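[1] what follows is a protein structure lacking sequence information:
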């Protein structure tokens with residue numbers, strides 16, 4: 001085996017052209033690795049950025065959760081201070097006899113009372129105490145609990161609860177802490193409502209560092225506050241599951257726990273993955289230019305080297321093909337010292353040597369062989385031309401008509417068989433015929449022999465249907481039949497039987513002819529075989545010699561020939577030919 005052969009199914013790497021191998025190598029060693037490397041680099045960068053952005057967003061949302069809780073806790077702490085303040089509770093629960101008494105008590109007891117709220121001015125917006133004490137006037141931070149106040153949504157929402165701790169109320173414009181002032185047993189109903197500074201809350205959302213929308217979600221999973229300007233959440237009835245989200249959202253959820261008034265509330269963050277990957281897309285041009293550079297440099301190098309190899313090898317191949325047509329032209333010399341340059345130099349030396357050998361030795365030998373072939377063809381032509389059947393056919397036809405006129409039917413039929421044989425000789429312009437045509441010729445010959453020998457000759461022809469249309473050299477079998485009838489049966493005192501069988505055995509065409517005639521001695525058989533196979537002279541058995549010579553030309557080493565004979569018992573001839581095989585000369 002020349003070189004290694006790599007098999008992938010029926011694919012052989014050595015069958016590829018060199019240019020295709022170089023392209024194949026380029027794709028395997030350059031293109032695919034660079035593409036896979038850049039895809040891997042892009043995916044790793046993308047995942048790293050998503051993970052980093054996700055981590056940063058989680059930290060930002062967690063920070064916002066703490067800051068918002070601190071603001072709400074501060075308001076809750078203020079409400080609790082009011083709740084436990086005894087002076088404030090005594091003032092709210094006292095029934096004043098007159099307005100003057102109330103005003104005097106307000107100036108004496110309540111001066112500086114609401115400074116606690118003012119100290120937290122950056123987180124709270126207002127502090128209002130509502131009371132149903134009829135003896136108190138509306139003044140400053142204390143207002144009567146009127147029917148209009150009772151009808152407010154925040155109040156209706158608050159009275160449905162029965163908690164002693166501050167209650168968180170959130171609507172579209174306000175976040176409030178509401179606390180019952182029931183620290184002492186009294187019939188007066190008072191509540192304190194502390195509104196957070198919404199500017200501060202919005203500032204917390206804006207400065208959170210979270211690159212997306214943030215939703216403040218009620219325990220019943222409805223949105224009560226958000227920084228999403230494109231969504232209408234003001235009604236407080238929009239479920240968080242109905243919020244319109246980007247195609248590829250990244251969601252976060254920070255749930256408040258371990259806090260009475262914030263339990264169940266949550267900050268829900270939604271980020272768009274496209275925005276997260278914005279930095280990756282900005283660096284996409286850099287990745288593209290880097291990939292282009294990785295492609296360009298190896299490609300240029302491979303193209304230059306492959307062209308150096310491919311161009312010179314193709315040139316060598318062109319000159320080698322010229323050698324096939326006996327054009328021994330040297331390849332133009334190039335000063336290259338690599339293997340291809342050495343191959344070029346050796347090729348020029350080889351062609352010069354071959355040219356000299358052909359001129360000095362081979363041409364003479366070829367001429368000698370050509371003369372021998374021409375001599376053999378002349379001998380075959382002489383064999384084919386031994387009998388010129390035209391005038392014989394005309395003469396036989398005349399004799400046959402005269403026999404019919406005289407009533408000699410058997411003689412006429414015999415002459416007709418002879419005429420058929422000569423007609424075949426005239427009409428067969430081809431060197432190859434079908435077995436059907438050969439059998440017709442053999443039957444005519446055997447009928448003529450029966451006319452000669454009478455009842456002393458019997459014959460049996462067995463031909464398989466599958467072989468009738470097989471092609472063979474013309475008159476391949478007839479000379480053997482002729483030899484069996486004349487040399488085998490003629491000298492035998494008994495009734496002669498000639499049996500011919502033609503059939504298929506595997507991919508071989510088998511011709512077997514046997515007779516019960518005189519047979520041959522062993523020495524005579526050896527002499528005949530030597531004459532047929534090794535002797536170039538034309539002797540007595542010219543028909544058999546003719547057949548053997550033509551078979552040797554048509555099937556050089558692809559046919560088998562065998563003769564078995566025993567003196568006094570008969571002879572068997574067997575031929576084995578290739579099925580429809582035509583090797584050697586063209587027999588059209």
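    Right, received. Where do you want to start? Just so it is clear, the structure is predicted and the values come from calculations on it, not from any experiment.
[2] distance from the chain centre to stretch 184-198, please.
    Relative to the centre of its chain, stretch 184-198 is centred 76 Å away, using Cα atoms, centre = their mean, to the nearest Å.
[3] stretch 225-232 too?
    The gap between where stretch 225-232 is centred and where its chain is centred comes out at 50 Å by Cα atoms, centre = their mean.
[4] and for residue 153, nearest residue in space, chain neighbours not counted?
    Taking Cβ to Cβ, 6 or more residues apart in numbering, and ignoring the residues beside it in sequence, residue 153 has residue 171 as its nearest neighbour in space, at 7.0 Å. In short, each C-beta sits where N, CA and C put it, glycine included.
[5] so how many other residues sit close to that neighbour?
    Residue 171 has 15 neighbours, counted by other Cβ atoms under 10 Å.
[6] and if you look at residue 528?
    Taking other Cβ under 10 Å as the criterion, the count of residues near residue 528 is 20.
[7] what does residue 461 give?
    Applying the criterion other Cβ under 10 Å, we find 14 residues in the vicinity of residue 461.
[8] give me the secondary structure label for it.
    strand (DSSP: H, G, I helix; E, B strand; the rest coil).
[9] list the contacts of it.
    Going by Cβ atoms under 8 Å, 6 or more residues apart in numbering, residue 461 touches 439, 442-443, 500.
[10] narrow those to those in helices?
    Residues of the contacts of residue 461 located in helices (DSSP state H): 439, 442-443.
[11] who wins on neighbours among those residues?
    With neighbours taken as other Cβ under 10 Å, the top of these is residue 442, carrying 25 neighbours.
[12] ok, the contacts of residue 461 vs residue 261, which is closest?
    Distances from residue 261 to the contacts of residue 461, taken as Cβ to Cβ, are shortest for residue 439 (117.8 Å).
[13] kindly list the main-chain dihedrals of the residue nearest to residue 153?
    Per-residue torsions, residue 171: phi -130, psi -170 (degrees, to the nearest 10).
[14] so how far is residue 519 from it?
    Note on residue 171: its distance to residue 519, by Cβ to Cβ, to the nearest Å, is 131 Å.
[15] thought the residue nearest to residue 153 was touching residue 154?
    Yes - in terms of Cβ atoms under 8 Å, residue 171 counts as a neighbour of residue 154; the distance is 7.1 Å.
[16] quick one, what contacts residue 175?
    Listed by Cβ under 8 Å, 6+ apart, the contact partners of residue 175 are 72, 168-169, 195-196, 198, 201, 225.
[17] who touches the strand or helix carrying residue 169?
    When secondary structure is defined using DSSP states H and E, the element that contains residue 169 is strand 167-170. Outside of strand 167-170, the residues that reach it under the criterion Cβ under 8 Å, 6+ apart are 72, 154, 157-158, 161, 175-179, 216, 218, 224-225, 236, 261-262, 265.
[18] each with direction, which strands does it pair with?
    Within its sheet, and counting by DSSP bridges, strand 167-170 is paired with strand 175-180 (antiparallel).
[19] any idea which helix or strand comes after the partner strand?
    Remark: after strand 175-180, the chain's next helix or strand is strand 190-196, criterion DSSP H and E.
[20] what helices or strands is that next one leaning on?
    On a contact count with 3 or more Cβ pairs under 8 Å, 6 or more residues apart in numbering; DSSP states H and E, strand 190-196 meets helix 32-84, strand 124-131, strand 175-180.
[21] next SSE after that strand?
    Scanning forward in sequence from strand 190-196, with DSSP H and E defining helices and strands, the next element found is helix 198-206.
[22] in that following helix, what counts as buried?
    200-201, 204-205 (16 or more other Cβ atoms under 10 Å).
[23] go on, stretch 298-316?
    Applying a neighbour-count criterion of 16+ other Cβ under 10 Å, the buried positions in stretch 298-316 are 298, 302, 306, 312-313.
[24] same deal with stretch 86-101?
    By neighbour count, with 16+ other Cβ under 10 Å as the criterion, the buried positions of stretch 86-101 are 88-89, 91-94, 96.
[25] on that earlier part again, reformat the contacts of residue 461 as a markdown table; add pLDDT and distance to residue 346.
    Conversion of the contacts of residue 461 to a markdown table gives the following (pLDDT from 0 to 100; distance: Cβ to Cβ, whole Å):
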| residue | pLDDT | distance to residue 346 |
| --- | --- | --- |
| 439 | 89 | 60 |
| 442 | 86 | 60 |
| 443 | 84 | 65 |
| 500 | 92 | 60 |
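[26] pull the most distant pair out of those.
    Taking Cβ to Cβ as the measure, these span a maximum distance of 10.0 Å, between 443 and 500.
[27] which of the three states applies to the residue lying closest to residue 326 once chain neighbours are set aside?
    Excluding its sequence neighbours, the residue lying closest to residue 326 (Cβ to Cβ, 6+ apart) is residue 358, at 7.4 Å. For residue 358, the assignment made with three-state DSSP gives helix.
[28] how near is residue 358 to residue 329?
    Counting by Cβ to Cβ, the separation of residue 358 from residue 329 is 14 Å.
[29] please apply the same query to residue 474.
    46 Å.
[30] so which of these two has more stuff around it?
    More neighbours sit around residue 474 than around the other of residue 474 and residue 329, counting by other Cβ under 10 Å; the figures are 21 against 12.
[31] what is the burial count for the closest residue to the more buried one other than its chain neighbours?
    Taking Cβ to Cβ, 6+ apart, and ignoring the residues beside it in sequence, residue 474 has residue 433 as its nearest neighbour in space, at 4.4 Å. With neighbours defined by other Cβ under 10 Å, the count for residue 433 comes to 19.
[32] cool, and residue 241?
    Neighbours of residue 241 under the rule other Cβ under 10 Å: 8.
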